[in-house]
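# A structural model of the following input is requested.
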Amino acid sequence: KFRSMNSLRAVLLLLLALGASVCEGGNPCCSWPCQNRGVCTSLGSDSYECDCTRTGYYGQNCSTPEFFTWIKMTLKPTPNTVHYILTHFKGFWNIVNSISFLRDAIMSYVLTSRSHMIDSPPTYNADYGYKSWEAYSNLSYYTRTLPPVPEDCPTPMGVKGKKELPDAKELAEKLLMRRKFIPDPQGTSLMFAFFAQHFTHQFFKSDMKNGPAFTMAQGHGVDLSHIYGGNLARQHKLRLFKDGKLKYQILNGEVYPPTVKEVGVEMHYPPHVQESMRFAVGHEAFGLVPGLMMYATIWLREHNRVCDVLKEVHPYWDDERLFQTARLILIGETIKIVIEDYVQHLSGYNFKLKFDPELLFNQRFQYQNRISSEFNTLYHWHPLMPDSFHIEEKEYSYKEFVFNTSVLTEHGINNLVESFSQQIAGRVAGGRNVPGPILYVAIKSIETSRQMRYQSLNEYRKRFNMKPYASFEDMTGEKEMAAVLEEMYGHIDAVELYTGLLVEKPRHNGIFGETMVEMGAPYSLKGLMGNAICSPEYWKPSTFGGSVGFNIVNTASLQKLVCDNVRGPCPLASLRVPDVKETGSSFW
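Below is the predicted model:
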């Protein structure tokens with residue numbers, strides 16, 4: 001009888017605790033009861049419904065697999081197993097890379113398996129945590145992969161963790177700020193770091209006047225608005241309106257962007273920058289660092305070079321057609337370089353990646369894209385930046401480097417490319433590697449993420465088919481930072497997305513941790529291959545001005561891009577510093 005009373009008391013206490021949690025939160029969906037991408041709908045303060053349609057699971061919480069789902073999940077290797085296979089057995093992969101149909105089949109699987117993880121059409125945004133026409137149609141918003149945490153939840157992450165999130169400044173100083181530079185064991189160069197920054201700012205362009213949920217880059221993908229301008233008025237000011245070309249000036253016998261005074265577009269420069277050094281390009285913030293303006297200059301030269309090639313083949317084409325066709329060619333070159341150079345480096349794969357839109361022509365695939373705010377947040381790779389910048393024999397501090405466009409003309413594009421290719425970048429994962437001079441950016445990222453009410457890192461791991469971390473030590477792979485995280489957050493399921501991505505243990509000899517990789521790859525591939533030029537109607541020679549233009553796209557590489565647009569001997573243009581022992585990471 002005594003045992004029965006104790007059992008009854010325990011059951012009553014459990015029911016009271018559950019009831020208190022529901023009453024306190026007022027929304028049963030705050031506990032994220034629906035698993036495996038099931039959709040939770042609150043039916044009041046004490047009940048909810050999970051929509052398991054087409055998830056492959058059933059039951060109250062979409063947690064019971066259907067038969068074929070069970071078979072698939074039983075046979076499917078873990079992401080770390082796939083990573084190991086692709087970064088080892090070099091002899092085997094050399095054979096695969098040499099057999100076209102095998103390479104094509106594997107690349108097709110990589111593209112479809114990754115891109116299908118991204119909802120298309122888009123589903124949510126920061127103001128709509130449920131399906132709505134507004135969330136689908138309003139291009140001024142970033143989309144959302146997971147809906148925001150409801151505002152009536154007991155804690156910022158739902159029901160787990162403390163009532164208040166830790167102070168952003170204290171968090172950044174304890175867990176993110178660099179003590180000593182940690183080089184990337186994969187050998188990533190500053191040439192890569194500036195490529196990433198230049199490339200992504202065409203679609204990561206938050207409209208902070210309206211808030212971090214909004215974007216000014218309404219092309220939502222690779223449209224090269226950072227080269228041509230984000231609207232028609234800016235584009236027209238940058239164009240020469242002769243032979244399809246962009247405006248330029250000649251300095252030291254080489255082509256550079258025109259000045260702000262000459263073209264009349266807005267650029268962000270502080271007052272101390274001389275008028276003659278205020279270069280004008282497609283993105284108004286690219287005067288910030290010479291690495292960005294270096295790439296802007298290279299792509300300006302490439303556009304005008306391609307126009308010359310097209311003019312020779314099509315002497316009767318007018319300015320508009322030359323300009324528009326050159327833009328399509330440069331979009332194609334960009335995607336080719338991103339997949340076969342940029343992503344290839346990040347992957348560390350022995351399998352050779354391939355840009356071939358025809359691989360998807362017989363697949364279920366939507367040629368559209370919407371940039372998500374989570375993708376924007378995870379791409380804050382400020383640990384890549386070094387403590388100082390070495391160009392030829394000169395060392396620049398952050399104060400000397402920022403807004404110093406004279407570095408461009410003083411050293412020339414050749415020497416900048418050579419120097420940035422030789423200097424190693426920092427490791428992104430593992431914590432405590434954000435340089436002090438730009439720690440304020442990390443603090444701002446934390447604060448912005450909180451405005452967006454992101455779900456926890458573990459919820460995103462589940463969304464992208466990863467096992468949630470069971471403990472803080474499981475996440476960091478060590479004890480010290482794990483203890484700080486536990487003190488600040490209280491529960492592993494309450495760790496924020498941005499913080500978690502930067503303190504997560506890196507993969508063996510890798511630049512990133514597992515979550516960054518498994519989230520980033522689907523966003524990237526969907527954005528690249530969802531571009532209009534990759535569709536069956538566009539991907540043909542006539543789109544690019546015939547076989548000559550099509551060949552420019554299909555033979556593009558970073559090294560070729562640089563060599564075609566510098567005077568004299570071509571410098572090394574590498575996303576990886578020379579003489580670094582082969583290591584493996586995984587971007588897939």
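# Setting the sequence-adjacent residues aside, check what's closest to V159.
Spatial nearest neighbour of V159, excluding adjacent residues (C-beta to C-beta, 6 or more residues apart in numbering): S31 at 4.7 Å. (C-beta placed from N, C-alpha, C; glycine too.)
# ok, that neighbour to E49 distance?
Going from S31 to E49 by C-beta to C-beta, to the nearest Å gives 14 Å.
# Equivalent analysis for A280, please.
Taking C-beta to C-beta, one finds A280 at 55 Å from E49.
# higher neighbour count, those two?
For A280 versus E49, neighbours defined as other C-beta atoms under 10 Å are more numerous around A280 (26 against 16).
# Dihedrals phi and psi, F92?
Dihedral angles of F92 (phi, psi; degrees, to the nearest 10) stand at phi -60, psi -50.
# Could you give the number of residues near it?
Neighbourhood size, F92 [other C-beta under 10 Å]: 12.
# For it, which non-adjacent residue is spatially closest?
Spatially, and ignoring its direct neighbours in sequence, F92 is nearest to N350 (8.0 Å; C-beta to C-beta, 6+ apart).
# And for H272?
Nearest non-adjacent residue to H272 (C-beta to C-beta, 6+ apart): F403, at 7.9 Å.
# Does the one you found touch P271 like I think?
No - because the distance of 10.3 Å does not satisfy C-beta atoms under 8 Å, F403 is recorded as not touching P271.
# who has more neighbours, these two?
F403 (18 against 4).
# one step back: tell me the secondary structure of the residue nearest to H272, please.
Applying DSSP: H, G, I helix; E, B strand; the rest coil to F403 yields a three-state assignment of coil.
# Now do the contacts for it.
Going by C-beta atoms under 8 Å, 6 or more residues apart in numbering, F403 touches Y269, P270, H272, V273, G287, L288, V289.
# and M177, how many neighbours does it have?
Using other C-beta under 10 Å, M177 has 17 neighbouring residues.
# Just the C-alpha atoms of stretch 460-480, please, in CSV.
Presented in CSV, the C-alpha positions along stretch 460-480 are these (Å, rounded to 0.1, in the frame of the first residue of the first chain):
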residue,chain,number,x,y,z
TYR,A,460,18.6,22.6,-36.5
ARG,A,461,20.7,19.5,-36.2
LYS,A,462,17.5,17.4,-36.2
ARG,A,463,16.1,19.4,-39.1
PHE,A,464,19.2,18.5,-41.2
ASN,A,465,19.2,14.8,-40.2
MET,A,466,21.9,15.0,-37.5
LYS,A,467,21.7,13.5,-34.1
PRO,A,468,21.3,16.3,-31.5
TYR,A,469,24.1,16.8,-29.1
ALA,A,470,23.6,15.0,-25.7
SER,A,471,25.8,17.2,-23.6
PHE,A,472,28.0,20.4,-23.8
GLU,A,473,31.2,18.2,-23.9
ASP,A,474,29.6,16.3,-26.8
MET,A,475,29.3,19.6,-28.6
THR,A,476,32.7,21.2,-27.9
GLY,A,477,34.9,18.0,-27.6
GLU,A,478,36.5,19.5,-24.5
LYS,A,479,35.7,20.5,-20.9
GLU,A,480,36.5,24.2,-20.3
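# circling back to that earlier point, please tabulate the contacts of F403 in CSV, including the columns pLDDT, secondary structure and distance to K399.
As requested, those are exported to CSV (pLDDT from 0 to 100; DSSP: H, G, I helix; E, B strand; the rest coil; distance: C-beta to C-beta, whole Å):
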residue, pLDDT, secondary structure, distance to K399
Y269, 97, coil, 16
P270, 96, coil, 12
H272, 94, coil, 12
V273, 94, coil, 14
G287, 95, coil, 15
L288, 95, coil, 13
V289, 96, coil, 12
